[in-house]
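[1] Sharing a model that was predicted from the sequence below.
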Amino acid sequence: MGIEKIIFRSDLHKKVIMFFHENPAAIDTLRGVSTWVRADEKLVKKVLSELAEAGILNSIQVSSTVGYSYTQDMQTIRTIDKALSNEKKSSF
Amino acid sequence: MKKDHSIEALLEKLQKNIHFQNEKRMFSKVFGNFKWFITENNACMPDDFPQTFWLLTTKNQKKKKTSDFSEIMDFSAKKDKAEIFCYENKFGVCCPVIQGLRIYGYILLYDLTSMPPENLLDIFIALTDTILREVQKELELKRMYDAIRPRAIALSTVHTVHRLINSTLDINELLPRVARLTLQILRANRCSIKLVDSKKKTLLPKSTVDLRTKTAELRKVEIGKYAPGKAVKFGKIIRGKEYIATPLVDEEIIGVITVYNKIDKTPFNDFDEEIMQTLAEQAVIAIKNAQLYKQQEKMTEGSIKSIAAMLETRSPGSFLPDQAFLKLVNLIGKQMKMSEIELKYLEYAALLHDAGQIALPDKLMKKKGVLTGKEYDMIKEHPQKAAKFLKPLKLLKDVVPIILYHHENYDGTGYPAKLKGNDIPLGARIMGLVGAFDAMVSRKAYRKRKTLLEAINEIKVNSGKQFDPKVVESFMEVMKRKSVIIMLEKEFNGN
């Protein structure tokens, strides 16, 4: 699936991506991300898995938890940046 | 002059405030369809704002004609009250937005069809003041939120990193994880972790992660040389545009984390230094824990080997298992996807599984012939005896059940507890099979030994009876390996 498609798959997808795009140094758990985007953990869990599968997020799994962080691939970051800016412009 | 964006934001909020919209509706009933706006100064007035006006006295008398609106603004600000002006049969009001000594801007009403009465203006000013306070509070909250949120996110990241790096005590797993997390947080391409050698002269490369290449070069560095060496020598962060080397400081300096090349190609900054300081503090605790755990593990292993060696001196060949036994147990454990720690416990159990035989009389231990029923009963007590000896050693608490039940049979016909199926610990099921196989192929004075093929067949025949079918399956897989057959041939046939 294209990156643009997955960003706008739902409001929550966009919110989670925007959180990591604005805070690229963040590494957080499901609980943490749910707090930052103010959404239900069950819904956020699904979104995090999808974004990790799409390569937008990295997931670091250890025995007790999973940490999620933003991709370090500049090409992907630029694509997301462009998609988010275009969306912002069109919403005005 | 630097623009104060907070004032701009405040005025913008004030302009959009719902009470102001209501106020306008109320004023419209009296003054017709008038216009209004809020501004910081006279630099950006609306296009339709009058060019020339008269400043009025309170008695509706023309006081002064002017084309410079800032004069009216200054006048209202100095007096801290609304000023009325007129132009072409219309009226306007300039109301300063003031709190304490600070003038935030002006609210301008214009195109009024009649002169506003003073009491209405007083109400307007009071309302402005109340709304201003509300908006100020809201803006202050937003400022606080904007300031606190990134710090809260950073704190949460630190907490997550702590959990991620402290979830392992294996230094070989820990160091690459620390390196990867460091790269993630600093948004950089390469991270190298080096630890000080025992002579404290050199930094030994332990983990390097480079996002741009799959293989990363590992280089030793002399303490005092290059950024990593200098960071260790001087015990402080050494920073360049493209690198940042942070010493790992415990009671003494144990190593250094060096990060190179940010992915967005910007230079490393003060904030990166702060982050590295925190990360290094966390990493050093995790590294020390892993090192201590490794030491403890070595001590445990050493103690177990010592116990086994002591037992062996009593009756050589009776207590210590042969190498083939240990190897087979390990290979079946791996085949059954046991974890590293489970394999370790299995190894310890294999080394000590017959330790209970130390309680048997010498005569019985050295007997070369068929055992009597009573003697066999005594032999059958050895797993319990071993468990009793080893129970006080807390570090062997996961090993003892494997030893205690290694003579149980899958169908419940074994001893000492006649456990069945999965009630028998997996390690004990593996040990039981390998023990039986070992007994079949070993040379014993009282029994004819079997060939490898005969023993393998015997194991197969007893699958589901004496042995767990899954363990048998794994055993058969292991036996398919040529290297295993060669090892067994060498061990038991001497060729």
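    Arrived safely.
[2] got a list of what A:Ile17 touches?
    A:Ile7, A:Leu51, A:Ile56, A:Ile80, A:Leu84 (CB atoms under 8 Å, 6 or more residues apart in numbering or on different chains). C-betas here are computed from N, CA, C, even on glycine.
[3] what does B:Gly302 give?
    When contacts are counted by CB under 8 Å, 6+ apart, B:Gly302 touches no other residue.
[4] Relative to chain A, how far out is it?
    27 Å (CB to the nearest CB, to the nearest Å).
[5] Look at A:Leu12 and say how many residues are nearby.
    15 (other CB atoms under 10 Å in any protein chain shown).
[6] hmm, back to that, so which of the contacts of A:Ile17 are in strands?
    Using DSSP state E, no member of these falls within strands.
[7] Any idea how many residues pack against the residue of chain B found nearest chain A?
    Relative to chain A, the nearest point of chain B is B:Ser167 (3.8 Å; CB to the nearest CB). Counted with other CB under 10 Å, the neighbours of B:Ser167 add up to 18.
[8] got it, and B:Ile257?
    Counted by other CB under 10 Å, the residues lying close to B:Ile257 total 26.
[9] How about B:Gln184?
    Neighbour number of B:Gln184 under other CB under 10 Å is 24.
[10] That one: what secondary structure?
    Following DSSP: H, G, I helix; E, B strand; the rest coil, the label given to B:Gln184 is helix.
[11] Quick one: residues contacting the residue of chain B closest to chain A.
    A:Val62, A:Ser63, A:Ser64, A:Thr65.
[12] Any figure for the gap between the second one and B:Ser339?
    So that's A:Ser63. 10 Å (CB to CB, to the nearest Å).
[13] When these two are compared, which one has more neighbours?
    Using other CB under 10 Å, the more surrounded residue of A:Ser63 and B:Ser339 is B:Ser339, with 10 against 7.
[14] The longest helix belonging to chain B packs against which elements?
    Secondary structure of chain B read by DSSP state H shows that its longest helix is helix B:118-165. Judged by 3 or more CB pairs under 8 Å, 6 or more residues apart in numbering or on different chains; DSSP states H and E, the packing partners of helix B:118-165 are strand A:27-28, helix A:30-37, strand A:66-70, helix B:5-16, helix B:18-31, strand B:90-99, helix B:171-186, helix B:270-314.
[15] from the chain's centre, how far out does that helix sit?
    Here helix B:118-165 is found 31 Å from its chain centre; the criterion is CA atoms, centre = their mean, to the nearest Å.
[16] circling back to that earlier point, adding distance to B:Ile403 and mean pLDDT, write the helices and strands packed on helix B:118-165 out as JSON lines.
    Output for these, formatted as JSON lines (distance: least, CB to CB, whole Å; pLDDT from 0 to 100):
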{"stretch": "strand A:27-28", "distance to B:Ile403": "43", "mean pLDDT": "95"}
{"stretch": "helix A:30-37", "distance to B:Ile403": "41", "mean pLDDT": "95"}
{"stretch": "strand A:66-70", "distance to B:Ile403": "36", "mean pLDDT": "95"}
{"stretch": "helix B:5-16", "distance to B:Ile403": "73", "mean pLDDT": "74"}
{"stretch": "helix B:18-31", "distance to B:Ile403": "78", "mean pLDDT": "74"}
{"stretch": "strand B:90-99", "distance to B:Ile403": "80", "mean pLDDT": "85"}
{"stretch": "helix B:171-186", "distance to B:Ile403": "29", "mean pLDDT": "92"}
{"stretch": "helix B:270-314", "distance to B:Ile403": "11", "mean pLDDT": "87"}
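[17] Just flag the most distant two among the contacts of B:Ser167.
    A:Ser63 and A:Thr65 (8.1 Å; CB to CB).
[18] residues in chain A within reach of chain B, list them.
    Residues of chain A lying close to chain B by CB under 8 Å from any CB of the partner chain are A:23-29, A:32, A:35-36, A:58, A:60, A:62-65, A:67, A:69-70, A:72, A:74.
[19] hmm, 6 Å instead?
    Residues of chain A found near chain B (CB under 6 Å from any CB of the partner chain) are A:23-29, A:32, A:60, A:62-65, A:67, A:69, A:72, A:74.
[20] What subset of those residues is buried?
    The neighbour count (16 or more other CB atoms under 10 Å in any protein chain shown) marks A:Asn23, A:Pro24, A:Ala25, A:Ala26, A:Ile27, A:Asp28, A:Thr29, A:Gly32, A:Ile60, A:Gly67, A:Ser69, A:Gln72 as buried among those.
[21] Could you grab the helix/strand/coil label for B:Tyr104?
    strand.
[22] again with the one 5 residues further on
    What three-state DSSP gives for B:Leu109 is strand.
[23] Enumerate the beta-bridge partners assigned to it.
    B:Trp36, B:Val93 (DSSP bridges).
[24] Thanks again, I'm all set now.
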